[in-house]
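Novice: Fold the following and give me the result.
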Amino acid sequence: MKRKSLLPLRNLVPVIILITFISVLFQKTSAQEIYSLPFNEGWTSGNFSLNNWQVGQNWVIDGQAGNPKPSAKFKWDPIINNYSSALESWWIDDSSTNTTTFYNIWLDFDIKLSDRTSSGTESLKAEVWNDSIWVTVAEYINDSSYDWCAQHININTQAKHHPFKIRFVAQGTNSNAIYYWLVDNIHVYREYMLYPAQTLVALVEAYGGFPMNDIHLTWLMPEGVGNHQPEWIHWDSGENSDAIGTGGAADFDVAARFDISQIEEYHGMAVTKVAFWPNEAACEYSVRVWQGEMAANLLVDQ
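Specialist: Numbers count the residues shown, from 1 in each chain. You can find the predicted model right below:
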(Lines give C-alpha, C1' and ligand atoms only; values in the text may rest on other atoms or scores of the structure.)
Protein backbone atom coordinates (compact mmCIF):
# COMPACT_ATOMS: atom_id res chain seq x y z
CA MET A 1 0.00 0.00 0.00
CA LYS A 2 1.35 3.43 -0.85
CA ARG A 3 1.49 5.97 1.92
CA LYS A 4 1.65 9.73 1.78
CA SER A 5 0.95 12.58 4.20
CA LEU A 6 -2.50 13.91 3.51
CA LEU A 7 -3.60 17.50 3.00
CA PRO A 8 -4.10 19.84 5.98
CA LEU A 9 -7.64 20.64 7.04
CA ARG A 10 -7.45 24.39 6.59
CA ASN A 11 -11.19 25.04 6.34
CA LEU A 12 -13.82 23.65 8.66
CA VAL A 13 -15.88 21.67 6.18
CA PRO A 14 -17.14 18.09 6.36
CA VAL A 15 -14.42 15.48 5.91
CA ILE A 16 -14.62 11.76 5.18
CA ILE A 17 -11.59 9.59 5.96
CA LEU A 18 -11.30 6.09 4.52
CA ILE A 19 -11.45 3.70 7.46
CA THR A 20 -13.49 0.69 8.51
CA PHE A 21 -15.83 1.51 11.34
CA ILE A 22 -18.63 0.40 13.58
CA SER A 23 -20.99 3.12 14.81
CA VAL A 24 -23.44 2.61 17.65
CA LEU A 25 -26.31 5.09 17.82
CA PHE A 26 -28.17 5.85 21.00
CA GLN A 27 -31.84 6.69 20.94
CA LYS A 28 -33.72 7.96 23.95
CA THR A 29 -37.48 8.06 24.11
CA SER A 30 -37.91 11.07 26.36
CA ALA A 31 -35.98 13.97 27.84
CA GLN A 32 -36.49 12.52 31.34
CA GLU A 33 -34.30 9.55 30.48
CA ILE A 34 -31.10 11.54 30.06
CA TYR A 35 -29.28 14.27 31.99
CA SER A 36 -27.99 17.45 30.38
CA LEU A 37 -24.73 19.21 31.21
CA PRO A 38 -23.62 20.36 33.68
CA PHE A 39 -24.02 17.25 35.83
CA ASN A 40 -23.26 17.43 39.56
CA GLU A 41 -23.22 14.78 42.25
CA GLY A 42 -22.21 15.53 45.84
CA TRP A 43 -24.28 12.72 47.42
CA THR A 44 -26.21 15.23 49.55
CA SER A 45 -29.35 13.13 49.01
CA GLY A 46 -27.72 10.37 51.03
CA ASN A 47 -28.56 7.74 48.42
CA PHE A 48 -27.71 6.48 44.93
CA SER A 49 -31.26 6.50 43.59
CA LEU A 50 -31.78 10.26 43.12
CA ASN A 51 -29.56 10.42 40.02
CA ASN A 52 -30.16 6.81 38.96
CA TRP A 53 -26.72 5.45 39.80
CA GLN A 54 -26.22 1.74 39.10
CA VAL A 55 -24.44 0.32 42.14
CA GLY A 56 -22.10 -2.67 42.33
CA GLN A 57 -21.07 -4.77 45.33
CA ASN A 58 -19.53 -3.00 48.37
CA TRP A 59 -20.46 0.52 47.19
CA VAL A 60 -22.27 2.54 49.90
CA ILE A 61 -22.98 6.14 50.90
CA ASP A 62 -20.77 7.11 53.86
CA GLY A 63 -22.41 9.85 55.91
CA GLN A 64 -19.35 10.19 58.17
CA ALA A 65 -16.76 10.88 55.46
CA GLY A 66 -16.59 13.27 52.52
CA ASN A 67 -15.23 16.53 51.17
CA PRO A 68 -17.56 17.61 52.75
CA LYS A 69 -19.71 14.75 54.07
CA PRO A 70 -21.17 12.51 52.70
CA SER A 71 -19.37 10.60 49.92
CA ALA A 72 -19.54 7.40 47.89
CA LYS A 73 -17.43 4.62 49.39
CA PHE A 74 -16.14 1.31 48.10
CA LYS A 75 -15.42 -0.65 51.28
CA TRP A 76 -13.39 -3.78 51.85
CA ASP A 77 -16.11 -5.81 53.57
CA PRO A 78 -17.56 -8.24 52.89
CA ILE A 79 -14.30 -9.56 51.44
CA ILE A 80 -14.48 -10.25 47.70
CA ASN A 81 -11.81 -11.85 45.53
CA ASN A 82 -10.89 -11.24 41.89
CA TYR A 83 -13.57 -8.58 41.81
CA SER A 84 -14.70 -5.73 39.58
CA SER A 85 -17.44 -3.56 41.06
CA ALA A 86 -18.74 -0.41 39.34
CA LEU A 87 -20.58 2.71 40.42
CA GLU A 88 -22.17 3.75 37.11
CA SER A 89 -24.01 6.96 36.20
CA TRP A 90 -27.13 7.33 34.12
CA TRP A 91 -26.98 8.82 30.59
CA ILE A 92 -25.51 12.32 30.26
CA ASP A 93 -26.10 14.22 27.01
CA ASP A 94 -23.92 16.42 24.82
CA SER A 95 -25.68 15.66 21.51
CA SER A 96 -27.79 18.84 21.52
CA THR A 97 -24.87 21.29 21.79
CA ASN A 98 -25.24 23.88 19.01
CA THR A 99 -22.29 26.25 18.92
CA THR A 100 -19.31 27.13 16.76
CA THR A 101 -17.31 28.13 19.86
CA PHE A 102 -14.69 25.58 20.83
CA TYR A 103 -15.28 23.96 24.21
CA ASN A 104 -13.90 21.22 26.43
CA ILE A 105 -15.86 18.68 28.46
CA TRP A 106 -14.31 18.11 31.87
CA LEU A 107 -14.81 15.36 34.43
CA ASP A 108 -13.92 16.62 37.91
CA PHE A 109 -14.09 14.64 41.13
CA ASP A 110 -12.31 14.19 44.46
CA ILE A 111 -10.76 10.86 45.47
CA LYS A 112 -9.33 9.46 48.70
CA LEU A 113 -7.73 6.11 49.56
CA SER A 114 -7.38 4.45 52.94
CA ASP A 115 -4.92 1.65 52.23
CA ARG A 116 -4.09 -1.42 54.29
CA THR A 117 -1.25 -3.26 52.52
CA SER A 118 0.18 -1.02 49.75
CA SER A 119 0.11 -4.17 47.65
CA GLY A 120 -0.49 -2.48 44.28
CA THR A 121 -3.03 -5.20 43.50
CA GLU A 122 -6.19 -3.08 44.01
CA SER A 123 -7.24 -0.16 41.83
CA LEU A 124 -9.98 2.35 41.13
CA LYS A 125 -10.64 3.39 37.53
CA ALA A 126 -12.61 6.34 36.18
CA GLU A 127 -14.17 5.38 32.83
CA VAL A 128 -16.34 6.98 30.15
CA TRP A 129 -18.66 5.19 27.71
CA ASN A 130 -17.65 6.56 24.28
CA ASP A 131 -20.49 5.25 22.06
CA SER A 132 -19.13 1.70 21.85
CA ILE A 133 -16.79 0.78 24.74
CA TRP A 134 -15.76 1.91 28.21
CA VAL A 135 -12.57 3.99 28.03
CA THR A 136 -10.35 4.37 31.10
CA VAL A 137 -9.50 8.06 31.62
CA ALA A 138 -7.78 7.69 35.01
CA GLU A 139 -6.53 4.83 37.19
CA TYR A 140 -5.43 4.81 40.83
CA ILE A 141 -3.46 2.02 42.56
CA ASN A 142 -3.27 1.11 46.27
CA ASP A 143 0.41 1.89 46.72
CA SER A 144 -0.23 3.96 49.91
CA SER A 145 -2.97 5.94 51.63
CA TYR A 146 -3.61 9.56 50.66
CA ASP A 147 -6.06 12.31 51.56
CA TRP A 148 -8.51 14.02 49.24
CA CYS A 149 -7.09 14.79 45.79
CA ALA A 150 -8.93 16.86 43.19
CA GLN A 151 -9.02 15.38 39.66
CA HIS A 152 -9.59 17.40 36.46
CA ILE A 153 -9.84 15.20 33.34
CA ASN A 154 -10.55 16.20 29.74
CA ILE A 155 -13.09 13.79 28.22
CA ASN A 156 -13.65 15.47 24.83
CA THR A 157 -12.72 12.38 22.83
CA GLN A 158 -15.09 10.14 24.76
CA ALA A 159 -18.07 12.44 25.42
CA LYS A 160 -18.48 15.18 22.81
CA HIS A 161 -21.66 15.39 20.69
CA HIS A 162 -23.42 12.24 21.92
CA PRO A 163 -24.93 10.64 25.04
CA PHE A 164 -22.37 9.06 27.36
CA LYS A 165 -21.95 7.63 30.84
CA ILE A 166 -19.26 7.74 33.51
CA ARG A 167 -18.39 5.11 36.07
CA PHE A 168 -15.93 4.30 38.85
CA VAL A 169 -14.69 0.71 38.89
CA ALA A 170 -13.05 -0.80 41.97
CA GLN A 171 -11.18 -3.95 41.10
CA GLY A 172 -8.44 -6.21 42.37
CA THR A 173 -7.50 -9.59 43.76
CA ASN A 174 -8.69 -9.20 47.37
CA SER A 175 -10.70 -6.29 48.75
CA ASN A 176 -9.17 -6.88 52.20
CA ALA A 177 -5.95 -5.32 50.84
CA ILE A 178 -7.51 -1.87 51.34
CA TYR A 179 -9.88 -0.21 53.81
CA TYR A 180 -11.81 1.91 51.31
CA TRP A 181 -11.90 4.21 48.27
CA LEU A 182 -13.90 7.45 48.56
CA VAL A 183 -15.32 9.48 45.63
CA ASP A 184 -16.99 12.90 46.02
CA ASN A 185 -17.91 16.13 44.21
CA ILE A 186 -18.43 14.67 40.74
CA HIS A 187 -18.84 17.47 38.19
CA VAL A 188 -19.18 16.99 34.42
CA TYR A 189 -19.41 20.24 32.46
CA ARG A 190 -18.51 22.25 29.37
CA GLU A 191 -15.84 24.94 29.41
CA TYR A 192 -16.07 27.34 26.46
CA MET A 193 -12.70 28.53 25.19
CA LEU A 194 -13.12 32.19 24.26
CA TYR A 195 -9.64 32.91 22.91
CA PRO A 196 -9.02 36.58 22.02
CA ALA A 197 -7.59 37.51 18.62
CA GLN A 198 -3.93 38.55 18.52
CA THR A 199 -2.28 41.60 16.88
CA LEU A 200 -5.58 43.24 15.95
CA VAL A 201 -5.00 46.10 13.48
CA ALA A 202 -7.68 48.55 12.26
CA LEU A 203 -7.13 50.68 9.14
CA VAL A 204 -9.47 53.23 7.55
CA GLU A 205 -10.31 51.97 4.07
CA ALA A 206 -10.09 54.43 1.17
CA TYR A 207 -12.78 54.41 -1.52
CA GLY A 208 -12.32 56.59 -4.59
CA GLY A 209 -9.31 58.27 -2.99
CA PHE A 210 -11.17 59.45 0.10
CA PRO A 211 -11.34 57.90 3.59
CA MET A 212 -14.81 56.58 4.25
CA ASN A 213 -16.53 54.90 7.16
CA ASP A 214 -15.26 51.43 6.27
CA ILE A 215 -12.68 49.96 8.64
CA HIS A 216 -10.39 47.11 7.54
CA LEU A 217 -9.54 44.71 10.39
CA THR A 218 -6.70 42.17 10.36
CA TRP A 219 -5.60 39.79 13.13
CA LEU A 220 -3.70 36.61 13.88
CA MET A 221 -5.22 33.33 15.04
CA PRO A 222 -5.95 33.39 18.78
CA GLU A 223 -3.30 31.82 20.95
CA GLY A 224 -4.31 28.33 22.02
CA VAL A 225 -6.39 27.51 18.93
CA GLY A 226 -5.04 24.54 17.02
CA ASN A 227 -2.24 23.85 19.51
CA HIS A 228 -3.02 20.16 20.01
CA GLN A 229 -1.05 16.96 20.25
CA PRO A 230 -1.57 14.34 17.50
CA GLU A 231 -4.73 12.33 18.07
CA TRP A 232 -6.61 9.51 16.36
CA ILE A 233 -10.26 10.23 15.58
CA HIS A 234 -12.51 7.29 14.78
CA TRP A 235 -15.94 5.77 15.35
CA ASP A 236 -14.84 2.19 15.98
CA SER A 237 -13.48 0.49 19.12
CA GLY A 238 -10.00 0.00 17.63
CA GLU A 239 -10.40 -3.78 17.57
CA ASN A 240 -10.94 -5.76 14.35
CA SER A 241 -13.85 -8.20 14.46
CA ASP A 242 -14.56 -9.17 10.83
CA ALA A 243 -14.03 -8.18 7.20
CA ILE A 244 -16.44 -6.94 4.53
CA GLY A 245 -16.41 -7.72 0.83
CA THR A 246 -18.37 -8.92 -2.19
CA GLY A 247 -17.00 -12.45 -2.55
CA GLY A 248 -15.39 -11.49 -5.84
CA ALA A 249 -13.43 -8.80 -7.65
CA ALA A 250 -15.02 -5.38 -7.13
CA ASP A 251 -14.22 -1.73 -6.43
CA PHE A 252 -15.85 -0.18 -3.37
CA ASP A 253 -15.22 2.47 -0.71
CA VAL A 254 -15.62 2.27 3.06
CA ALA A 255 -15.53 5.62 4.82
CA ALA A 256 -16.00 7.36 8.16
CA ARG A 257 -17.57 10.82 8.04
CA PHE A 258 -16.84 13.70 10.42
CA ASP A 259 -18.90 16.89 10.17
CA ILE A 260 -17.85 20.41 11.17
CA SER A 261 -18.90 20.15 14.81
CA GLN A 262 -16.92 16.94 15.23
CA ILE A 263 -13.59 18.32 13.96
CA GLU A 264 -13.76 21.98 15.03
CA GLU A 265 -11.32 21.37 17.88
CA TYR A 266 -8.71 20.19 15.34
CA HIS A 267 -8.79 23.43 13.32
CA GLY A 268 -5.30 24.21 11.99
CA MET A 269 -4.09 20.61 12.26
CA ALA A 270 -3.42 18.20 9.38
CA VAL A 271 -4.44 14.66 8.48
CA THR A 272 -1.16 12.74 8.43
CA LYS A 273 -2.19 9.10 8.89
CA VAL A 274 -5.14 6.84 8.07
CA ALA A 275 -5.55 3.41 9.70
CA PHE A 276 -7.62 0.44 8.54
CA TRP A 277 -7.52 -3.37 8.49
CA PRO A 278 -6.51 -4.79 5.05
CA ASN A 279 -7.95 -8.31 4.75
CA GLU A 280 -7.05 -9.29 1.16
CA ALA A 281 -3.41 -9.59 0.10
CA ALA A 282 -4.14 -9.66 -3.64
CA CYS A 283 -5.73 -6.23 -3.63
CA GLU A 284 -4.83 -2.65 -4.50
CA TYR A 285 -5.79 -0.27 -1.70
CA SER A 286 -6.30 3.48 -2.00
CA VAL A 287 -6.45 6.03 0.80
CA ARG A 288 -8.87 8.86 0.03
CA VAL A 289 -9.99 12.04 1.73
CA TRP A 290 -13.11 13.95 0.72
CA GLN A 291 -14.11 17.46 1.74
CA GLY A 292 -17.21 19.60 1.32
CA GLU A 293 -20.98 19.30 1.49
CA MET A 294 -21.97 15.66 0.83
CA ALA A 295 -18.27 14.86 0.29
CA ALA A 296 -18.30 16.79 -2.98
CA ASN A 297 -14.53 17.22 -3.38
CA LEU A 298 -11.97 14.41 -3.50
CA LEU A 299 -8.78 15.92 -2.09
CA VAL A 300 -6.48 12.88 -1.88
CA ASP A 301 -6.40 9.58 -3.75
CA GLN A 302 -3.19 7.69 -3.03
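
Novice: What residues sit buried inside stretch 63-77?
Specialist: 65-67, 70-76 (16 or more other Cβ atoms under 10 Å). All C-beta spots, glycine's among them, are computed from the backbone N, C-alpha and C.

Novice: how near is the residue nearest to Gln57 when sequence neighbours are not counted to Ala170?
Specialist: In space, not counting the residues next to it along the chain, Gln57 is nearest to Ser85; the distance is 4.7 Å by Cβ to Cβ, 6 or more residues apart in numbering. Remark: distance between Ser85 and Ala170 (Cβ to Cβ, to the nearest Å) = 5 Å.

Novice: One more: Ile215?
Specialist: To Ala170, Ile215 is 61 Å away according to Cβ to Cβ.

Novice: Give the helix, strand or coil label for Leu50.
Specialist: Classification of Leu50 using DSSP: H, G, I helix; E, B strand; the rest coil returns coil.

Novice: what number of residues lie near it?
Specialist: Neighbours of Leu50 under the rule other Cβ atoms under 10 Å: 11.

Novice: what are the phi and psi angles of it?
Specialist: phi -60, psi -50 (degrees, to the nearest 10).

Novice: Any stretches of the stretch 51-200 of the chain with poor pLDDT?
Specialist: For the stretch 51-200 of the chain, no stretch has pLDDT under 70.

Novice: And the helices in it, which stretches?
Specialist: 156-159 (DSSP state H, counting those that start in this stretch).

Novice: wait, isn't the residue nearest to Gln57 in contact with Arg167?
Specialist: No: with contact defined as Cβ atoms under 8 Å, Ser85 does not count as touching Arg167 (10.3 Å).

Novice: so what's Arg116 up against?
Specialist: Each residue near Arg116 by Cβ atoms under 8 Å, 6 or more residues apart in numbering is listed here: 76, 142, 176-179.

Novice: For Ile34, see how far away it is.
Specialist: Taken as Cβ to Cβ, the span from Arg116 to Ile34 is 39 Å.

Novice: Also Val201?
Specialist: Going from Val201 to Ile34 by Cβ to Cβ gives 47 Å.

Novice: out of those two, which sits in the more crowded spot?
Specialist: Taking other Cβ under 10 Å, Val201 and Ile34 do not tie; Ile34 has more neighbours (16 against 9).

Novice: For the more buried one, list the residues it contacts.
Specialist: By Cβ under 8 Å, 6+ apart, the neighbours of Ile34 are 28, 90-93, 163.

Novice: More neighbours: which of Ile215 and Ala170?
Specialist: Ranked by neighbour count (other Cβ under 10 Å), Ile215 and Ala170 place Ala170 first, with 28 against 9.

Novice: Leaving out the residues flanking it, which one is nearest to that one?
Specialist: Counting by Cβ to Cβ, 6+ apart, the residue nearest Ala170 is Phe74, at 4.1 Å.

Novice: Could you measure from that neighbour over to Asn81?
Specialist: 15 Å.

Novice: bridging residues for His216?
Specialist: Note on His216: beta-bridge partners by DSSP bridges are Leu203.

Novice: no wait, Asp108
Specialist: Residues in beta-bridge contact with Asp108 (DSSP bridges): His152, His187.

Novice: ok, now Ala86?
Specialist: Val169.

Novice: show me the contacts for it.
Specialist: 54, 56, 167-170.

Novice: Before I go, just wanted to say thanks for your time.
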